[in-house]
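[1] Have a look at this prediction, sequence included:
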Amino acid sequence: MSANPKALAPAATLDAAAIQAKFDDSPFIAWLGLSVRDVNHEQGELTVLAPMRPEFERGAASGQWHGGPLAAVIDTVGDFAVGMLLGRGLPTINFRVDYLRPAVNTALTAVARVRRNGRSVGVADVDLYNDQGALVAIGRATYATLSQG
Ligand SMILES: CC(C)(COP(=O)(O)OP(=O)(O)OC[C@H]1O[C@@H](n2cnc3c(N)ncnc32)[C@H](O)[C@@H]1OP(=O)(O)O)[C@@H](O)C(=O)NCCC(=O)NCCSC(=O)Cc1ccccc1
């Protein structure tokens, strides 16, 4: 079942440059090094590249991503997939991750799909792929969509 694109399309949205600016304005997200690759408001899809950093390693010189930064990438990209439809970043309510295979010596491509953009709650699914296109982790996150003002 598709994500009901018309219901996802709001008045105020964030384009790729605006999402990247919000990434770069957050000390944590800027340190993660995320860069926006593709934005599709109609489909509710956001694609982001996450490069490896030595600080992300599970064990020194292992080249393997620790689960913590993998989860941070999933949470962040899911957040802005919903947030790009509303023109702002959103508070995370909850998320879960399944780590399917080790991510070793690779950048990661995160593809987030909005499954629900409701009046109070948004839901996104996020797939993480390695440089070979193998699925390394999948996540689902919920975000508060209520206006903060
Ligand atoms: C191994 C298993 C756990 C079980 O999977 P199953 O499906 O039953 O087993 P299967 O044998 O089918 O293997 C699946 C695929 O994986 C591949 N492969 C296996 N081993 C290696 C290897 N050494 N290197 C390279 N590839 C390897 C294997 O060839 C296969 O690929 P294929 O399909 O043939 O192309 C798997 O899900 C996994 O490694 N997940 C990633 C876990 C992970 O990275 N967690 C985060 C870090 S932990 C952390 O940070 C903790 C923490 C977190 C948060 C906060 C604090 C602490």
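    Arrived safely.
[2] ok, longest helix in this protein?
    The residue-count maximum for a helix in the chain (DSSP state H) belongs to helix 67-86.
[3] other SSEs contacting that helix?
    Under the contact criterion of 3 or more CB pairs under 8 Å, 6 or more residues apart in numbering; DSSP states H and E, helix 67-86 touches helix 16-25, helix 27-32, strand 45-50, strand 92-99, strand 108-117, strand 121-129, strand 135-144. C-beta coordinates here come from the backbone N, C-alpha and C atoms, glycine included.
[4] between these, which one is nearest to the ligand?
    Among these, the nearest to the ligand by CB to the nearest ligand atom is strand 92-99 (3.6 Å).
[5] who does that closest one pair up with?
    Next to strand 92-99 in the sheet, as set by DSSP bridges, lie strand 135-144 (antiparallel).
[6] Do the strand it pairs with and the ligand come into contact?
    No - judged by CB under 6 Å from any ligand atom, strand 135-144 stays clear of the ligand, getting no closer than 7.0 Å.
[7] chain center to that strand: distance?
    How far strand 135-144 lies from its chain's middle: 8 Å, per CA atoms, centre = their mean, to the nearest Å.
[8] which of the residues in it are buried?
    136-137, 139-143 (16 or more other CB atoms under 10 Å).
[9] sorry, back to before: would you list the helices and strands packed on helix 67-86 in TSV and tack on mean pLDDT?
    Listed next are the helices and strands packed on helix 67-86 as TSV, based on pLDDT from 0 to 100:
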stretch	mean pLDDT
helix 16-25	98
helix 27-32	98
strand 45-50	98
strand 92-99	98
strand 108-117	98
strand 121-129	98
strand 135-144	98
